[in-house]
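J.: Whatever this is, show me its structure:
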Amino acid sequence: MQVLETMEKYNLIQKGTAVAVAVSGGSDSMALLHFLNQNKKSLGIKIICLNIDHQIRGEASKKDSLFVKQYCQKNKIEFLGFVVDVLKFKEENGYTIEQAARILRYNKFQEVLDNKLADVVATAHNLPDLTETLLLNLFRGSGLNGMVVSFKRGKIIRPLMETPKIEILEYLQKNNVPYIEDLSNLDEKFTRNYLRLNVIPKIKEKFPNLEEAVLRFCENSREDLEYLESLAKNYVAGTSVKLDKEIPKSLLSYAIFLALKNINIYENIENLHIDKIKDLYYNLQTGSEICLKNDIVCVKEYDKIVFTKKREKIEISEKFRCGQLRIEQYLITVEKTTKFENAENVFYLRDGIEEFAAIRFSRTGDFFKRFGGGTKSLTDYFTDIKLEKLKRPFVPLIANGSEIIAVLPFNISENYKVEDFNKPFYKITVKD
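T.: Modelled structure (predicted):
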């Protein structure tokens with residue numbers, strides 16, 4: 001198999017990398033696991049087998065996972081096994097079985113990466129898979145993004161992408177590698193199976209070199225995509241797309257995908273979502289938001305649209321006192337002093353507030369009389385300073401009941417300012 005050439009060409013694995021190989025027990029993943037395990041010393045890598053029981057086929061799914069586990073035990077390969085409930089997830093979210101399985105599978109991949117159990121996850125997508133994916137995306141009306149299937153997306157790598165199926169089967173036979181046949185691969189109710197079993201064989205009757213042609217198309221299109229993405233980068237800042245009406249419509253989709261990549265979203269964003277995001281971008285008011293798949297939220301702010309993973313607000317209430325406190329990305333230091341210094345992100349409050357003040361997040365009914373200004377709701381104050389909607393629930397506040405004493409790291413209340421700097425007062429330093 002031409003795995004080593006592919007890994008070198010696309011710089012998929014470096015020495016010292018811990019590689020979690022996603023293994024179902026089928027021919028492709030078993031070939032990849034065996035190959036990488038056989039070559040781990042020369043490559044200077046660590047191999048971990050990552051198996052996910054989707055529970056789609058009941059006992060048969062469990063039996064497949066046991067097969068993989070026993071193979072790993074016999075060959076002294078570290079094994080990581082997970083169980084997910086695809087059918088329940090499908091019903092709760094309205095996905096197809098294929099979509100639900102893919103989302104849960106990739107969620108587990110990300111979990112392994114986030115917990116630093118591996119540096120990259122290697123999947124066994126091969127040349128026939130590439131052809132199927134391209135045709136699926138074409139029939140779904142995808143743009144150029146869907147026509148260029150990457151060998152590396154974030155920390156997900158595909159070392160077999162240039163390898164034909166016949167080479168995989170020959171490798172298995174030559175090296176006596178066992179594998180199992182998943183009978184669900186013959187079920188034509190799954191779109192990919194229908195393509196593989198019916199459509200692609202018909203195309204190959206007229207175009208026998210279909211897979212090689214698809215690979216060339218992807219490689220040629222990749223250069224076009226990279227150029228368009230380089231232009232789109234001018235309109236992207238982190239996880240946001242700038243609200244610049246001069247952005248060409250042809251580049252907006254690429255800018256959206258680039259912003260999504262910055263929160264590690266590479267899959268499951270469809271044309272339906274892109275159309276909704278464009279409508280938000282061009283037509284909706286500041287503060288409007290839409291929810292995408294995978295708990296992704298897109299919000300229109302004052303000068304941009306921002307993508308983020310949905311977060312649950314956690315209630316906190318800490319008694320105001322001297323010392324240090326970490327809230328979100330802020331390190332808050334409170335000390336009592338009689339020395340004043342005019343420094344950035346340093347605030348001063350009068351003595352005595354320790355008797356009633358607390359540090360917390362915003363609540364309904366909060367109001368604030370800002371330094372040198374009038375009283376208004378905290379929501380209106382956030383609007384005045386043009387604070388992004390997504391950030392508002394996680395801004396540290398010093399409060400006396402519903403009255404806000406300080407909004408960190410922005411301003412303090414007129415009602416709690418220091419009147420006499422010759423007497424002790426509180427110094428609050430906020431570091432981001």
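J.: List the buried residues of the strand or helix carrying residue 427.
T.: Using DSSP states H and E, residue 427 falls within strand 425-431. If you call a residue buried by 16 or more other Cβ atoms under 10 Å, then strand 425-431 has these buried ones: 425, 426, 427, 428, 429, 430. C-beta coordinates here come from the backbone N, C-alpha and C atoms, glycine included.
J.: Need the nearest residue in space to the first one, chain neighbours excluded.
T.: In space, residue 425 comes closest to residue 418 once its chain neighbours are excluded; the distance is 4.5 Å by Cβ to Cβ, 6 or more residues apart in numbering.
J.: pLDDT of stretch 386-401, averaged?
T.: Per-residue pLDDT values over stretch 386-401 give a mean of 87.
J.: How about stretch 205-213?
T.: Mean predicted lDDT for stretch 205-213 stands at 93.
J.: Let me know the secondary structure of the most centrally placed residue in the chain.
T.: Centroid-nearest residue in the chain: residue 264, 3.1 Å away (criterion: Cα atoms, centre = their mean). Put simply, residue 264 is coil when judged by DSSP: H, G, I helix; E, B strand; the rest coil.
J.: One more: residue 286?
T.: coil.
J.: What's the local residue count around it?
T.: 14 (other Cβ atoms under 10 Å).
J.: My guess is residue 258 contacts residue 230. True?
T.: No. The pair residue 258 / residue 230 is not scored as a contact, 10.0 Å apart, by Cβ atoms under 8 Å.
J.: Between the two, tell me which one has more neighbours.
T.: Taking other Cβ under 10 Å, residue 258 and residue 230 do not tie; residue 258 has more neighbours (18 against 11).
J.: As TSV, the buried residues of strand 425-431 with pLDDT and distance to residue 82 would be great.
T.: Below are the buried residues of strand 425-431 laid out as TSV (pLDDT from 0 to 100; distance: Cβ to Cβ, whole Å):
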residue	pLDDT	distance to residue 82
425	93	54
426	93	49
427	92	49
428	92	45
429	93	44
430	91	40
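J.: before we move on, the earlier item: what sits against the residue nearest to the centre of the chain?
T.: Neighbouring residues of residue 264 by Cβ atoms under 8 Å, 6 or more residues apart in numbering: 110, 154.
J.: same check, this time on residue 242
T.: 235, 236, 303, 304.
J.: Let me know the closest of these to residue 48.
T.: Lowest distance from residue 48 to these (Cβ to Cβ) belongs to residue 236, with 33.8 Å.
J.: how far away is that closest one from residue 242?
T.: As for residue 236, its distance to residue 242 is 7 Å (criterion: Cβ to Cβ, to the nearest Å).
J.: and what of residue 181?
T.: 51 Å.
J.: swap in residue 258?
T.: Distance from residue 258 to residue 242, by Cβ to Cβ: 12 Å.
J.: got it, and residue 275?
T.: Distance from residue 275 to residue 242, by Cβ to Cβ: 20 Å.
J.: mind showing which ranges of the chain have poor pLDDT?
T.: 244-245, 265-272, 293-294, 311-313 (pLDDT under 70).
J.: in the stretch 201-350 of the chain, which spans are strands?
T.: For the stretch 201-350 of the chain, the strands defined by DSSP state E, counting those that start in this stretch occupy 236-237, 240-242, 289-291, 296-300, 304-309, 317-319, 323-327, 330-337, 346-349.
J.: coming back round to it: common neighbours of residue 258 and residue 242, please.
T.: With Cβ under 8 Å, 6+ apart as the test, residue 258 and residue 242 both reach residue 236.
J.: for the stretch 151-300 of the chain, what spans make up the helices?
T.: Applying DSSP state H, counting those that start in this stretch to the stretch 151-300 of the chain gives helices spanning 165-174, 191-194, 200-206, 210-232, 249-261, 271-283.
J.: Serialize these to a markdown table and add fields for distance to residue 137.
T.: Formatted as a markdown table, the helices of the stretch 151-300 of the chain follow (distance: least, Cβ to Cβ, whole Å):
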| stretch | distance to residue 137 |
| --- | --- |
| helix 165-174 | 20 |
| helix 191-194 | 11 |
| helix 200-206 | 14 |
| helix 210-232 | 11 |
| helix 249-261 | 13 |
| helix 271-283 | 10 |
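J.: how about those helices, which one is nearest residue 100?
T.: helix 191-194 (13.5 Å).
J.: starting at the chain centroid, how far to that closest one?
T.: When distances are taken as Cα atoms, centre = their mean, to the nearest Å, helix 191-194 is centred 27 Å away from the chain's centroid.
J.: buried ones in that helix?
T.: residue 193.
J.: Distance of residue 39 relative to residue 33?
T.: Here residue 39 is placed at a distance of 11 Å from residue 33 (Cβ to Cβ).
J.: Please identify which of the two sits among more neighbours.
T.: The neighbour comparison of residue 39 against residue 33 (other Cβ under 10 Å) goes to residue 33, with 29 against 15.
J.: pretty sure the more buried one belongs to a helix, no?
T.: Yes. Under three-state DSSP, residue 33 falls within a helix.
J.: Was I right to think it contacts residue 22?
T.: No. If you go by Cβ under 8 Å, residue 33 and residue 22 don't touch, sitting 9.1 Å apart.
J.: Run me through the strand neighbours of the strand holding residue 427, direction for each.
T.: Take DSSP bridges as the rule and strand 425-431 pairs in its sheet with strand 330-337 (antiparallel), strand 346-349 (antiparallel).
J.: Give me the buried positions along the longest one.
T.: This means strand 330-337. In terms of neighbour count (16+ other Cβ under 10 Å), strand 330-337 has its buried residues at 330, 332, 334.
J.: Now tabulate these in TSV and tack on distance to residue 319.
T.: What follows is the buried residues of strand 330-337, written out as TSV (distance: Cβ to Cβ, whole Å):
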residue	distance to residue 319
330	17
332	13
334	11
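J.: coming back round to it: which among the contacts of residue 242 count as buried?
T.: Buried by 16+ other Cβ under 10 Å: 235, 236, 304, out of the contacts of residue 242.
J.: List just the nearest of those to residue 246.
T.: Nearest to residue 246 among these: residue 235, at 9.0 Å, using Cβ to Cβ.
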